[in-house]
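Chemist: starting from these lines, generate the structure:
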Amino acid sequence: MASYVLLFHYTHQGIEHVKQSPDRVDALRKIFDRHGAKLKDFYALLGQYDSLFIVEAPNDETVAKLALYIAEQGNVRVETHRAFTEAEFRKLLSEID
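Modeler: The predicted structure follows:
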């Protein structure tokens, strides 16, 4: 499965209901599982972003659907990035002509 980083910014609604964030993460873990993805890690952050997920998913389409679902709830704005493991990165480099 491919790896992804989802970065989050709280919206006004998200800040108003920030204490429910742990419950929302728990609910999202179950939704990810139902879609064949795995929410591997959650981190609350200081700085430019408020939190992030490390996710494994079978394809980009699955992650796009899940990111849109999260954004639709209105608590966060989502930024999604494909992440390459060190082994994947080394393989990419080995294939450069």
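Chemist: mind checking the end-to-end distance for stretch 43-56?
Modeler: 15 Å (C-alpha to C-alpha, to the nearest Å).
Chemist: show me where the chain has its helices.
Modeler: With DSSP state H, the ranges of helices along the chain come out as 12-16, 21-34, 60-72, 86-94.
Chemist: return the most buried member of those.
Modeler: When these are scored by mean count of other C-beta atoms under 10 Å, the highest mean neighbour count falls to helix 60-72 (a mean of 15). (Glycine included, C-beta is placed from N, CA and C.)
Chemist: what angle separates that one from helix 21-34?
Modeler: 150 degrees (axes from the mean of the first three to the mean of the last three C-alpha atoms, to 10 degrees).
Chemist: ok, back up a step: make TSV out of the helices of the chain and add mean pLDDT and distance to Ser51.
Modeler: TSV is the format used below for these (pLDDT from 0 to 100; distance: least, C-beta to C-beta, whole Å):
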stretch	mean pLDDT	distance to Ser51
helix 12-16	97	10
helix 21-34	97	8
helix 60-72	97	11
helix 86-94	96	24
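Chemist: great, nothing more from me.
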